[in-house]
Each structure stands twice: as structure tokens, then as C-alpha cells.
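Visitor: with the input below, show me the fold.
(chains A and B)
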Amino acid sequence: MVCRFWGVNSQSLNVAYVASLARIDLSKEEEALFQSQLGKVLEYARELQQVDVSSVPDTPVDPNLPTNVLREDVVRPSLSAAAALRNAPQQANHLFIMPKIIE
Amino acid sequence: MNLHSLTIKELRRKLAAKEISPKDIVSDLLARIAAVDPQIHGYLRVNAEDALTQAAQAELDKPLGGIPIAIKDNIAVSGEGCTCASKILENYVSPFDATVIRKLKDAGAVLLGRANMDEFAMGSSTENSAFGRAHNPWNLACIPGGSSGGSAAVVAADEAIAALGTDTGGSIRQPAALCGCVGLKPTYGRVSRYGAVAFASSLDQIGPFTKTVEDAALLMNVISGYDALENTSRPVPVPDFTASLSAGVKGLRVGIPREYFIAGTDPEVQAAVRQAIDWYADHGAEIVDVSLPNTEHAISVYYIVATAEASANLARFDGVRYGRRSPDGTDSINTYSKTREQGFGSEVKRRIILGTYVLSSGYYDAYYNRAQKVRQLLRRDFTEAFKKCDVILTPTSPTAAFKAGEKSDPLSMYLADIFTIAVNLAEVCGISIPCGFTASNLPIGLQLIGSHFDEARLLATAQAYEQGHSWHTRKPTL
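Guide: Predicted coordinates:
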């Protein structure tokens, strides 16, 4: 099932589409360059399909791996609103200002 | 007096004897920086006035009292810039201190300036800095390694007494090797990353660059330890790393992984590392043949796992809350897209796109899940190897420093990290120390790898070699 995807991998990468998912505009030149460069990287990574991973459980069991860490949901000291807004490109009334999202 | 060429330990002795003041050290370093950094470009910013003020206030009874340290420009210092060598954060000012910075300040260190790096720590040469590449002090036409190339270069060029960097796939050890200094990547969880700008969160660690192994131990004493602000830091006791430095190597089992001694490694590097193995054998260590059979998959795994994590971590740079915002957007979506187009350099864009792809619907299982499984095999390799040996010895980098512009193809640059990447994937610790020079006078690095939280033994093993050699005392001509 998994290996089905490997047969088409470097061709299946559509840089323009993935860049739009990642919210990055690209020039036509960058798009063509990345298509070829990342195609090569994916070709290289294709070797992973040969590795036998049948002995690896879906959830790794290892005492050296970090485990989930929880804390009480209580208010702690944090940045003031003014400090948190200090780097905002545009702000007003303790809010970040952005172009309109809803029509 | 050339104070800039001394170590932390030597300066601490002079400070204690009242032969010098912290201000003398900072003044001497500022003169050195003015003289050589125009050639090196190891610093992105030096705040001379602030460093002199800190020196005047330094408390000498603290462990690093009066010692000037350079900080990679992806670690937050309250009230200072933190550009990550990216245009997108050019005007950002950190509102808080990273935990390691708070610890350095509490220990009396003087924060001297911000070191150049590959943008968002993505690269192996510091050529990806948006503010101009850094140069190797041993040969200015060569790269200093990366991504913490500025940190390595300023320590090697005596422009800082020590530095902090970050290491995601070799970004401390490889530049340390290429610049001829000591660089340590601690075990994942040993040092808090709170306040370090995240690249690949399951791999990133902060660590020291120093001129000697003992100085690395001194810095590790200060920066290590559990941090309630950082959920991946581990509540593991922190020993005094200087206490066991003279443990020696008699009876120590040094593992030599056959997969790291392969064609493609420069013959001069191979020869220098072979001599180091002989030295350990001659001094009573037991040399053990070990195997890390999944080594060949490390690069593939890394460039899937690291880019996937980077694509998520760097989603926060959207021009809303901080950083540059493109003025060309007409709605919210194309404001993000144009901000990221104009703010990120090519390598960062490439990695975000690759990471987005390997996480996308339909490809997630084939790439990301499979890479995570092979990562577990790599971890298992190290667990098995450390049953047979105490430390593992390898070259740090397959070559000495290469010429700027030489690796223009991303894949060839990625392959430069072949000996360092598995250490991050297995979350163990590693150190690079100088072990020779090429015929063209470029430093060669020896990598020693230790098991989880075994930095004390790693440092002692490195210290023994350093004491038996003088490579670390050689200085570049600038």
C-alpha cells in the first residue's frame, strides 16, 4: 500500500501547488529550479522504500524518548500585551491589524 | 597582552589574580574584532558599548564572571535583535531571554555579539546568511561550515573566548571541525531550547564552541539542566563536567563504526582519524569494531523529518504578529504569501516546500511515517553499538573546509552532513575536536559520540586526546 506512492514520487511533486499550500509565492524561475532540485532530493530519498521496517512498532517504545509533559492549567506570569505587540507590523487597541479575512 | 587568544580557564586565573579586569578582555576583543572581522564576517552585530557596560558590572565570583561569549543569532536575548540571518526577522527585537542566556547572565558572562549563521540554521556553509557569508579564518576563500559558521569562525579567529550555537544535523560539530575548534552537541533534552528559534524541534540542541575541551565542560556546567519552560528538557542530574575530565582512557572501549570509514572521505581526513584511533589504542583504550548498519539512510531520513518539522515551525512567520510584512498584499492570504516570498531565502523556501510535500495528504505515509520508522532503526543501531563500546569515534566531516560556491546543488551540500546527522536522529551527544591539518593547512575534526546523557565521559575522552596533542593550540594567520 505504502509503496504505491513511491513509484511516482519525484514526478508527483508539483512545486507550484505545494508552495501555494505553504503560502509562499514563487517566481517562475524559482519554481522551475526547485522542481528540478527537489526532484533530485526525492529521488535520493527513494532508497528508504528498500528498508525493512517491519520490526518497528507504530508507536516507539524507548525510555530515552521524551514523553508527553503536562502541567496544571493555571495562569502564570507572561509577557505584557505591550511587550507582545512590540514587534507587530501593524497594531491598534492591543490588537494585531491584518487585511480583512471575511468578505 | 593578547587576551583574545586565551581560554576561559586562563582568563579566569588572570581575573582571580587581579592581573586584568573584564574590561581589559572586552577592549582587547573589540580591537581584535575591528581588525579581523571585516575579513571573517563572523559577527552580524557587536554592541561594543553594551559589552563594556556588562564587563564593568561583571561579578568575578561567578563561574563565567567577565568572560565574553558570542551568541548565534537564533537565540533570544531580551531587548536585542534575533534575525536568524533572515530578512524576515531583520527588525525583530526579542522581548525575553532564552533560558541559556539567563543562565549565562546569572553566571556572569559578557554577551559580546551575535554570530552569523545560515538562515534559520538551514545549511552547512553559512553561505545562506541573508546578510552575507562568513569566511573560514584558515582560508578566507573557504566556508567556515554551518549552520553555526559564525560561532565557529569567531572562536577560531580569537574574536570571542567562546560561543553558543545550535546543532540540528551537525551545525555545531561540522563548523567546529572546519574551523579547528571544539564544538559539542549535547544529548537531546540536556540543554533547554526555550528561546532558541525552532527549526526541527525533535533534533535541535544548543551547545558550546570553545578553544579547549575543558572550556566546553565549563560552559556545559552553566547551560545544562531541566527547564520547566521547555517540555523536552529532561530532569536528569547534571554532573560537574570538569570533575571527571582527567578520567583517562585506560580500559575505555572506543567503537569504530565500519560504515563511517568509506570511500568518498578525503584521504587526509581518513589518515588523521586513523592516527587518532592508534593514539587511543596506544594509551590503553580498547578499540572495538561496531556496526551502525542504517547509517546510509540517515541523510534521507533527516531531510524528510527536519523539513517536515521546519515547515510547521516556520508557519509562524506570516507577517501578522512580528517580523517583516510585505506591503504588496491585498488580502490576508496573499499578504502571507508575499511576506514569505520576500522574507525567506531560497534554501528556507526549498525546505518548507519539501516539508509541506512530505506531510501532505497522500504522501504522509510514504515519506514522513516511513522516515520516522527508519529513524527508530537508526536509534536502535546506537543502542546496540553502545552495548559493545563506551564512545564511538568517527570523522566529523568527510572533507576539510570547501571553497565557497563549490556546492551549488542542494543535494551535494546535504551529503556534507553524512557523519553528523545520525547523532541528532538518535538524540545522543557528540563532540568535534581538532585532530590534524591537511597539506593546505585546513583543520580536520575528530567526532566522538556518547550515549544519552553521557557527556561527562565524552568530554573526558576528548580531554585525554587534546592533552596528548597540540592541534588546538595552532592559530590561523590573519
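Visitor: flag the shaky bits of the stretch 51-200 of chain B, pLDDT-wise.
Guide: In the predicted model, the stretch 51-200 of chain B carries no residue with pLDDT under 70.
Visitor: for chain A, what is the nearest residue in it?
Guide: Using Cβ to the nearest Cβ, the closest approach of the stretch 51-200 of chain B to chain A is made by B:Pro95 at 4.4 Å. (Glycine included, C-beta is placed from N, CA and C.)
Visitor: thought that residue was touching A:Ala88?
Guide: No. Judged on Cβ atoms under 8 Å, B:Pro95 makes no contact with A:Ala88 at a distance of 11.4 Å.
Visitor: on that earlier part again, contacts only, for the residue of the stretch 51-200 of chain B closest to chain A.
Guide: By Cβ atoms under 8 Å, 6 or more residues apart in numbering or on different chains, the contact list for B:Pro95 reads A:79, A:83-84, A:86-87, B:78.
Visitor: output the below-cut-off pLDDT ranges for chain A.
Guide: Where chain A drops to pLDDT under 70, the residues are A:1-11, A:60-66.
Visitor: farthest from the middle of it: give me that residue.
Guide: Computed with Cα atoms, centre = their mean, the maximum C-alpha offset from the centroid of chain A is found at A:Asn93, amounting to 31.9 Å.
Visitor: how close does the residue positioned nearest the centre of chain A get to chain B?
Guide: Ranked by distance to the mean C-alpha position of chain A (Cα atoms, centre = their mean), the top residue is A:Ala22 at 7.7 Å. Computed with Cβ to the nearest Cβ, to the nearest Å, the distance linking A:Ala22 and chain B is 4 Å.
Visitor: quick one: B:Ile277 is in a helix?
Guide: Yes. According to DSSP: H, G, I helix; E, B strand; the rest coil, B:Ile277 belongs to a helix.
Visitor: shouldn't it be in contact with B:Val391?
Guide: No. At 11.8 Å, B:Ile277 does not count as touching B:Val391 under the criterion of Cβ under 8 Å.
Visitor: mutual contacts of those two, please.
Guide: Both B:Ile277 and B:Val391 are in contact with B:Val254, where contact means Cβ under 8 Å, 6+ apart.
Visitor: more neighbours, the two?
Guide: Between B:Ile277 and B:Val391, counted using other Cβ atoms under 10 Å in any protein chain shown, B:Val391 has the larger neighbour count: 25 against 16.
Visitor: for that one, name its beta-bridge partners.
Guide: Under DSSP bridges, the beta-bridge partners of B:Val391 are B:Val254, B:Gly450.
Visitor: hmm, back to that, show me which of the contacts of B:Pro95 is closest to B:Gly329.
Guide: Taking Cβ to Cβ as the measure, B:Gly329 sits nearest to A:Asn87 out of those, at 18.2 Å.
Visitor: residues near that closest one, how many?
Guide: A:Asn87 has 16 nearby residues by other Cβ under 10 Å.
Visitor: gap between the closest residue to B:Ala196 other than its chain neighbours and B:Leu178?
Guide: Once flanking residues are discounted, B:Ala196 sits nearest to B:Ile75: 5.1 Å by Cβ to Cβ, 6 or more residues apart in numbering or on different chains. To B:Leu178, B:Ile75 is 21 Å away according to Cβ to Cβ, to the nearest Å.
Visitor: neighbour count winner among these two?
Guide: Counted by other Cβ under 10 Å, B:Ile75 and B:Leu178 do not tie: B:Leu178 has more neighbours, with 34 against 26.
Visitor: pretty sure that one sits in a helix.
Guide: Yes. B:Leu178 sits within a helix when classified using three-state DSSP.
Visitor: doesn't B:Ala152 make contact with it?
Guide: Yes. Contact criterion Cβ under 8 Å: B:Leu178 and B:Ala152 qualify, at 7.0 Å.
Visitor: overlap in contacts, the two.
Guide: Shared contacts of B:Leu178 and B:Ala152, defined by Cβ under 8 Å, 6+ apart, comprise B:144-145.
Visitor: in space, what's closest to B:Ser148 - neighbours in sequence excluded?
Guide: Excluding the flanking residues, the one nearest B:Ser148 by Cβ to Cβ, 6+ apart is B:Gly165, at 3.0 Å.
Visitor: the one you found bridge partners, please.
Guide: Beta bridges link B:Gly165 to B:Gly207, judged by DSSP bridges.
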